[in-house]
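In: this one's sequence-less:
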Ligand SMILES: Nc1ncnc2c1ncn2[C@@H]1O[C@H](COP(=O)(O)OP(=O)(O)OP(=O)(O)O)[C@@H](O)[C@H]1O
Ligand SMILES: [Mg+2]
């Protein structure tokens, strides 16, 4: 799980700071609470102007059938808002729907204002956006106090699970570049949409992988409409994840698409080094990945010392240098000096190597599901 900030979840780092919000959140929250939908009709009313993707309103009883009554061994993972279960929609449950595996994210029953808002943000954003690098939202449940999201099932789970797993084989260089490319295309699409969207919570646990390692962004709970007209930024409460959030956003609450670019740079660093953005188990000066790695990215001789040792040198040096320089520019403290996501996509294109060969060679795949979300790869006999 990510180091998210949320006030009601002290065991993780998700906290909000309202220091820069224009209105006291308690006043604003009280006002907005009354606007939050409490049933599917009200959700669809809210979606009327923006909805381009049809979403299914599931009943809670249907979700019990889909998830085998939320069985423990169906848990795929857990985050700041609750647990995610694997489920299966069978033909006889919903006529007209093909039988498909799904992921069911159940928001914990704390009924917090923020939890409901994030649930709704996801329904609204993923109900209007569709792109091969965004996870598909199939439906939702809004019944009594239940707030649930039903997504397409991503067989390989999150990049976090794959990159930092102790049981999976290390991700080869080609797959890391494929993930970086796919995730960049997802962010570029958001930033270039007719009504631009800032994702705000870009991190390895929010990038999911299908069987072919296609990367898709999930978790739009913190997404925000980008600035419009001649505005340069939107002012928000400071929400996000330590280790990924851009320094100027943390200091001022001013959010721009370049804040996502900074977080993208952190994820690229994680892919290069195999280290987590924050790791308390490392020596003090290495705990913050960006602080530790940034000065080394420009030094070609030192660079190779920080590349993930689990790759065992199996990478193209030129490609490593280019990806490292890209991360370096994304992490510029001056947001205006960071590249646009579109430039990043263009720079990553030539770094793509055919993944077919390496996927076949290193990880012919059998996926075994184990409790708590780790997907194990096993060599085919
Ligand atoms: N559509 C999906 N398909 C397969 N697995 C999923 C899907 N959505 C989520 N998961 C799994 O559930 C885990 C938890 O997701 P969740 O978004 O709730 O938490 P998180 O990203 O770890 O933390 P945060 O609350 O900070 O976002 C993911 O890391 C992933 O392993
Ligand atoms: Mg998440």
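Out: Looks like it arrived, so ask away. As the structure is a prediction and not an experimental result, all values here were calculated from the model. Ligands and ions are numbered 1, 2, ... in the order given.

In: and residue 266, how far is that from residue 327?
Out: 8 Å (CB to CB, to the nearest Å). (C-beta placed from N, C-alpha, C; glycine too.)

In: what of residue 67?
Out: Taking CB to CB, one finds residue 67 at 39 Å from residue 327.

In: higher neighbour count, these two?
Out: residue 327 (25 against 22; other CB atoms under 10 Å).

In: excluding residues flanking it in the chain, which one is nearest the more buried one?
Out: Nearest non-adjacent residue to residue 327, counting by CB to CB, 6 or more residues apart in numbering: residue 268, 4.2 Å away.

In: let me know the secondary structure of the one you found.
Out: Here residue 268 is recorded as helix under DSSP: H, G, I helix; E, B strand; the rest coil.

In: quick check, it in contact with residue 325.
Out: No - taking contacts as CB atoms under 8 Å, residue 268 lies outside contact range of residue 325: 10.4 Å.

In: now residue 168: which helix or strand?
Out: Residue 168 belongs to no helix or strand when elements are defined using DSSP states H and E.

In: that one and residue 162 touch, don't they?
Out: Yes - assessed by CB under 8 Å, residue 168 is found in contact with residue 162 at 5.9 Å.

In: what residue in the protein comes nearest to ligand 2?
Out: As assessed by CB to the ion, ligand 2 sits closest to residue 219 within the chain, at 3.8 Å.

In: residues near residue 97, how many?
Out: Residue 97: 13 neighbours (other CB under 10 Å).

In: list the contacts for it?
Out: Counting by CB atoms under 8 Å, 6 or more residues apart in numbering, residue 97 touches 56, 89, 91.

In: try it again at 10 Å.
Out: The neighbourhood of residue 97, defined by CB atoms under 10 Å, 6 or more residues apart in numbering, consists of 56, 89, 90, 91, 138, 139.

In: tally of neighbours for the residue lying closest to the last one once chain neighbours are set aside?
Out: This means residue 139. Closest residue to residue 139 apart from its sequence neighbours, by CB to CB, 6+ apart: residue 56 at 3.3 Å. Neighbour count of residue 56, defined by other CB under 10 Å: 16.

In: can you verify my assumption that residue 56 contacts residue 89?
Out: Yes - with contact defined as CB atoms under 10 Å, residue 56 counts as touching residue 89 (9.0 Å).

In: what's the pLDDT at the residue of the chain found nearest ligand 1?
Out: Ranked by CB to the nearest ligand atom, the top residue of the chain for proximity to ligand 1 is residue 79, at 2.0 Å. pLDDT for residue 79: 75.
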